[in-house]
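A.B. asks: here's my sequence, what's the structure:
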Amino acid sequence: MKPRKIPMRKDIVTGNMYPKKELVRVVRNKEGVVSLDPTSKANGRGAYISLNREIAKEAKQRRIFDKIFEVKVLDEFYDELIAYVDHQQARKELFGDNNS
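C.D. replies: Here you go, the predicted model:
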């Protein structure tokens with residue numbers, strides 16, 4: 001049986017390519033609302049960020065999503081992103097790579 005191709009996406013903070021499962025999608029909808037999209041199925045323009053606490057903190061410090069989506073993103077969103085990434089990273093450390 002032929003091995004499956006692993007979909008790769010670029011982390012907008014570091015510019016590195018990672019398997020899609022190791023990233024979280026952030027989406028801006030038509031109304032300009034920026035939100036997390038853990039299912040990767042929401043409508044709108046998307047960007048990916050690695051499930052790494054330090055990268056999420058750097059995104060907040062550099063206001064990455066303000067630049068990428070060309071809208072003013074609230075600090076609460078960045079705090080939510082950091083909390084989500086922190087939770088997912090803790091799950092990965094606790095349960096291994098099987099659960100995402």
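A.B. asks: so what's the closest residue to Glu80 other than its chain neighbours scoring on pLDDT?
C.D. replies: Nearest residue to Glu80, sequence neighbours excluded (CB to CB, 6 or more residues apart in numbering): Leu36, at 6.7 Å. Any C-beta I mention is one placed from the backbone N, CA and C, and that applies to glycine too. pLDDT, Leu36: 95.
A.B. asks: how near is Leu36 to Leu51?
C.D. replies: 12 Å (CB to CB, to the nearest Å).
A.B. asks: which neighbours do the two share?
C.D. replies: Val24 (CB atoms under 8 Å, 6 or more residues apart in numbering).
A.B. asks: these two - which one has more neighbours?
C.D. replies: Here Leu36 and Leu51 are set side by side on neighbour count (other CB atoms under 10 Å), and the busier one is Leu51, at 21 against 17.
A.B. asks: give me the below-cutoff pLDDT ranges for the chain.
C.D. replies: Scanning the chain for pLDDT under 70 picks out the ranges 97-100.
A.B. asks: which residues in it form helices?
C.D. replies: 53-62, 64-69, 75-95 (DSSP state H).
A.B. asks: just put these in TSV and tack on mean neighbour count.
C.D. replies: Putting those into TSV (neighbours: other CB atoms under 10 Å) gives the following:
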stretch	mean neighbour count
helix 53-62	16
helix 64-69	18
helix 75-95	14
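A.B. asks: in JSON lines: those helices, plus distance to Lys30.
C.D. replies: Output for those, formatted as JSON lines (distance: least, CB to CB, whole Å):
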{"stretch": "helix 53-62", "distance to Lys30": "23"}
{"stretch": "helix 64-69", "distance to Lys30": "12"}
{"stretch": "helix 75-95", "distance to Lys30": "17"}
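A.B. asks: Val24: which of those helices is closest?
C.D. replies: Closest approach to Val24 among the helices of the chain is made by helix 75-95 (6.7 Å; CB to CB).
A.B. asks: and that closest one, how far out from the chain's middle?
C.D. replies: Relative to its chain's centre, helix 75-95 lies at 10 Å (CA atoms, centre = their mean, to the nearest Å).
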